[in-house]
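Trainee: pasting a predicted model and its sequence here:
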Amino acid sequence: MVKSISKGVIKDIVIVGVGVLVIWIGLQAAFGTQNPFYVVASGSMVPELEVYDVLIVQGHEPFEDIETGDIIVFNRPSDHNRVIVHRVVAITNDDPKEVRTKGDANPSSIPGTDLNISEEEYIGKVVYTLPQVGYVTQLLKPPINYIIIAVVIGVMIVKQVTKKKKLKDTTLSDSLDSENPDTVEELSDIDKIEKDSEYSEHIEKSDVTEEEKVEPVEETKTDEKDKEE
């Protein structure tokens, strides 16, 4: 039973995993970037963007079409180990194209972060903002995410156990229902046999009684004839 439950849980997890993967690949294809969603982690773009706002980034927007005033997401040019979201404030070079950015809340552009942004650092243009939705990501940090995963797996196990129990009860009920007609029929046959037996015994007893009554009458008649002779 445990083995069967495990298979059921694994099957559900695989289905959910495949579903999430298909959706994620579809979003990547639609937005033209490996990750179309980013959460604002600092206040450098306040008041335009608040901390925990979720950004939807369009990677299909060509870097060549980026203009001054656009908000873009890019890798920090100095080391590429951090993703930045700032506003384009100037086009510094046309061939190859390079731009300079600045956070709306920052007094000036930061060297190594905002300067010499090329197509190599460019990730995409911000096209939509989901205010404060990023709070959900905070709720999913350890250990909360592990608790949620454990609860989901627990629900799957309970679902499998309930399903197996219901199937077992249904099978048992069907089995009993299929046996009852035969049992009733057998009991009916036995009752019929007993009644036939009682009827047969009654007939035999009746025959014997009638014979006993007849024989004395014949003897009496014979005796009376002898007397007359």
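Mentor: Structure's in. What do you need?
Trainee: surely residue 75 and residue 121 touch.
Mentor: Yes: in this structure, residue 75 is within contact of residue 121 by Cβ atoms under 8 Å, at 4.7 Å. Yep, even glycine has a C-beta here, placed from its N, CA and C like the rest.
Trainee: who's residue 83 bridged to?
Mentor: Using DSSP bridges, the beta-bridge partners of residue 83 come out as residue 75.
Trainee: who touches it in this structure?
Mentor: For residue 83, the residues meeting the contact criterion (Cβ atoms under 8 Å, 6 or more residues apart in numbering) are 38, 73-76, 123.
Trainee: out of these, who has the most neighbours?
Mentor: The member of those surrounded by the most neighbours (other Cβ atoms under 10 Å) is residue 74, with 25 neighbours in all.
Trainee: check the closest residue to it other than its chain neighbours and give its pLDDT.
Mentor: Nearest non-adjacent residue to residue 74, counting by Cβ to Cβ, 6 or more residues apart in numbering: residue 121, 4.5 Å away. Among the per-residue scores, residue 121 shows a pLDDT of 96.
Trainee: what of residue 181?
Mentor: pLDDT recorded at residue 181 is 55.
Trainee: mind checking the SS state of residue 101?
Mentor: strand (DSSP: H, G, I helix; E, B strand; the rest coil).
Trainee: and it, how many residues sit next to it?
Mentor: Neighbourhood size, residue 101 [other Cβ under 10 Å]: 22.
Trainee: ok, now how distant is the closest residue to it other than its chain neighbours from residue 164?
Mentor: Leaving aside its sequence neighbours, residue 101 sits nearest to residue 86 (Cβ to Cβ, 6+ apart; 3.7 Å). Per Cβ to Cβ, to the nearest Å, residue 86 is found 56 Å from residue 164.
Trainee: and these two? which has more neighbours close in?
Mentor: For residue 86 and residue 164, the more surrounded residue by other Cβ under 10 Å is residue 86, and the numbers stand at 24 against 14.
Trainee: so the more buried one sits in a helix?
Mentor: No: read with three-state DSSP, residue 86 is strand and lies in no helix.
Trainee: all helices of this protein, in order?
Mentor: All helices of the chain, identified by DSSP state H, fall at 2-31, 135-139, 144-228.
Trainee: how about residue 49, what does it touch?
Mentor: Applying Cβ under 8 Å, 6+ apart, we find residue 49 in contact with 40, 55, 71, 85, 104, 129.
Trainee: so for it, what's the pLDDT?
Mentor: Among the per-residue scores, residue 49 shows a pLDDT of 97.
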